[in-house]
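Student: I'd like to go over a predicted model; first the sequence, then the structure.
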Amino acid sequence: MPYYPPMMGWGYYPFMGFWMSLTWLIVLIVIAYFIYKLIKSEKILAPRKIVPIKSAEDILNEKYANGELTREQYMQMKEDMKKLT
């Protein structure tokens, strides 16, 4: 009767445990690297920047300064805003 060694025995794969451990170690290092890069790029832990809200008068002044409004339009809108407040 011929001898058939086990298919997954240590006789054929003596370093199987080592290679599996090495593979998982590499996977964990890659995951840790990506987590480090995310934290370093400040996408996760960075405080959100507070953008000041512009008042209507500030927006009106910017439009006038950019030349989007004539002096008459600017003065009229400024008077209208004073009436509302």
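Tutor: Good, I have the coordinates.
Student: Can you name the secondary structure element that comes next after the helix or strand of the chain with the lowest mean pLDDT?
Tutor: In the chain, the helix or strand scored least confidently by mean pLDDT, DSSP states H and E is helix 16-40, which has a mean of 87. Using DSSP states H and E, the next helix or strand after helix 16-40 towards the C-terminus is helix 56-65.
Student: in that following helix, what's buried?
Tutor: Neighbour-count burial for helix 56-65 flags Leu60, Tyr64 (criterion: 16 or more other C-beta atoms under 10 Å). Heads up, the C-betas are built off the backbone N, CA and C, glycines and all.
Student: Can you name the element that comes right after it?
Tutor: Using DSSP H and E, the helix or strand that directly follows helix 56-65 along the chain is helix 71-84.
Student: Tell me the helices and strands packed up against that following helix.
Tutor: helix 56-65 (3 or more C-beta pairs under 8 Å, 6 or more residues apart in numbering; DSSP states H and E).
Student: angle of the helix it packs on against helix 71-84?
Tutor: With axes from the mean of the first three to the mean of the last three C-alpha atoms, to 10 degrees as the basis, helix 56-65 and helix 71-84 are set at 180 degrees to each other.
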